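[1] Okay, sequence plus prediction incoming.
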Amino acid sequence: MKRPSTSILFIYGLIITLLAFIYRDPYSLLLISIPNAAIGFALGFKRARLIVILLLISVWGTFLNAVLVANHGPIVCVWGPLVIRQGAFQALVQIELRLLAIAGAALVFIGTARPEEILRDLEAELRLPKSITFSLAYALRLIPLMKRDYEEIMLCRSERGYHRIAYLPKDVKTLLLPLLSIAYQRAIWAGITVELRGFRKRKPRYRLPRIGVPEIIVLIWLAVQVILPFAMGWAQI
């Protein structure tokens, strides 16, 4: 079977991201997070391991935020001087399920679409502005580069005596700050380069989106995730 159209995969990922912010009930979030994460990790884990690593790192920050902002209700557990209540646990679960759904949809897109086709297909079929499509294509190209930067930063951290696993806030800081700084500098020079090559004057060619069996399967599965929570009375907007 052929790969689904890049534009259909982009629409799928965009709608799943919107649903992750719209749905509030945990059952609705489970419906879009677990299947998308399972499919996304199977398709895109090898090409985008950094997304999985960042998702795991986010659990710690989400946990601290939930304890500080939503720590109310009955006590769930006591961890030394820290008392975790039901509100913090529910907030942690909801936020992580949202992130899991978004990451899963992104991995489906990354694992199925070819980076060299993204710019061409999204411009030609969805008529998106070339600045947006270039940003998406560049982000996908940036993932393997950030993976290499991550490995180099982890090597430097281990040589300086930091923990191998970044589970403390200061460890996360020593990992994220150089990683984001390198990505920022690379993005600036990439923008300068494409402008010097005449990106602003390039004119796209438009065509109708391709609709075949793979695209119909993707759209049907998307419709299930949109309709089923409302049919079961789960979604709380």
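    Nice, thanks for sending it over. Numbers count the residues shown, from 1 in each chain.

[2] Just the CA coordinates for the helix or strand containing Asn36, please, in CSV.
    Asn36 belongs to helix 26-44 when elements are defined using DSSP states H and E. Output in CSV follows, covering the C-alpha atoms of helix 26-44 (Å, rounded to 0.1, in the frame of the first residue of the first chain):
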residue,chain,number,x,y,z
PRO,A,26,-9.5,11.6,30.5
TYR,A,27,-11.3,8.9,28.5
SER,A,28,-11.4,11.2,25.4
LEU,A,29,-7.8,12.0,25.9
LEU,A,30,-6.9,8.3,26.2
LEU,A,31,-8.7,7.6,22.9
ILE,A,32,-6.5,10.0,21.0
SER,A,33,-3.3,9.7,23.0
ILE,A,34,-2.7,5.9,23.3
PRO,A,35,-3.4,4.8,19.7
ASN,A,36,-1.6,7.8,18.2
ALA,A,37,1.4,7.3,20.5
ALA,A,38,1.5,3.6,19.7
ILE,A,39,1.3,4.1,15.9
GLY,A,40,3.6,7.1,16.0
PHE,A,41,6.3,5.4,18.1
ALA,A,42,6.2,2.4,15.7
LEU,A,43,6.6,4.6,12.6
GLY,A,44,8.8,7.4,13.7
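
[3] Enumerate the positions of the next helix or strand after that helix that are buried.
    Where DSSP H and E defines the elements, the next helix or strand beyond helix 26-44 is helix 49-70. Within helix 49-70, the residues scored as buried using 16 or more other CB atoms under 10 Å are Leu50, Ile51, Val52, Leu54, Leu55, Ile57, Ser58, Thr62, Phe63, Ala66, Val67, Ala70. To be clear about C-beta, it is placed using only N, CA and C from the backbone, and glycine gets the same treatment.
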